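Novice: pasting the sequence and the predicted coordinates here, then a few questions.
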Amino acid sequence: MTRQHQQPSMESSETSDIDWQKAQRATRMLLEALGEDPNREELTDTWQRRMPASLETLTEGQRESAKPEMRTFAAESGELVIKTGISVYSLCEHHMLPYHGVAHIAYRPKDEVVGLSKLARYVRWRSRRLTIQEKLTQDIASGLANEVNAEAVRVELAATHLCEAMRGVEAATETTTQFTVGELTENEQWRFRSAVDTHE
């Protein structure tokens, strides 16, 4: 028995940050374009609930309301802060397929530092949008520099793109991008490189 077309729940339609009904209609049309029956029991929740909810989560980085609070503290020194192995999950804006990997961050504070957990939360927020890896790397570095008024920031991002692994060359290779705001000293560059290379 198939279920009839349902409107989104009151909760989803009133609190959603995306147009839930448009997302439902678009997903339903996509299923039809693929030759599927949207009313098939296994697919009704796909377009009615699961896909709109998934898209809302995976694009929350486009909304300032979802940005984590970047509470800062007085910096006790100007020593380089390094955080490695931050998980990254984003969506390629060309194919709307995921790419995933890890980000490594170093910044030299000027007057303030941010809690270490906030770095991971900030990267997650920045990543949840339609973008390309090069732009994401730059956005994380520039955004973090502004958030903590850092003297220098370096971000390195290594990721595997499913648009390559599942189509095209069909190879799960890794792409690495870097972006720097300001300048790191030679010693700071060495410390960052050493931390990245020893990350497991």
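Specialist: Received it, and whenever you're ready, just let me know what you need. Residues are numbered from 1 along each chain as shown.
Novice: do a quick rundown of the strands in this protein.
Specialist: Using DSSP state E, the strands assigned to the chain run over residues 72-74, 81-92, 98-108, 112-114, 130-131, 152-161, 174-181.
Novice: and the first one, what does it pack against?
Specialist: In this case it means strand 72-74. Under the contact criterion of 3 or more C-beta pairs under 8 Å, 6 or more residues apart in numbering; DSSP states H and E, strand 72-74 touches strand 112-114. Backbone N, C-alpha and C define where each C-beta goes, glycine included.
Novice: contacts for the strand it packs on, please.
Specialist: The contact list for strand 112-114, computed with C-beta atoms under 8 Å, 6 or more residues apart in numbering, reads M70, R71, T72, F73, A74, A75, V81, Y122, E147, V148, N149.
Novice: how close does the residue most central in space within the chain sit to D19?
Specialist: In the chain, the centroid-proximal residue (C-alpha atoms, centre = their mean) is S127; its distance is 1.5 Å. Distance, S127 to D19, using C-beta to C-beta, to the nearest Å: 22 Å.
Novice: please apply the same query to R167.
Specialist: 28 Å.
Novice: and E93, what does it touch?
Specialist: Counting by C-beta under 8 Å, 6+ apart, E93 has contacts L130, T131, I132.
Novice: give me the neighbour count for K110.
Specialist: 15 (other C-beta atoms under 10 Å).
Novice: how near is it to L184?
Specialist: For K110 relative to L184 (C-beta to C-beta), the value is 14 Å.
Novice: circling back: what's near enough to touch the residue nearest to the centre of the chain?
Specialist: G61, V88, Y89, S90, L136.
Novice: cool, A23 as well?
Specialist: M51, P52, L55, E56.
Novice: got the contact list for the last one?
Specialist: Contacts for E56 (C-beta under 8 Å, 6+ apart) come out as S16, D17, I18, W20, A23.
Novice: report pLDDT for the last one.
Specialist: Okay, so that is A23. Looking at A23, its pLDDT is 96.
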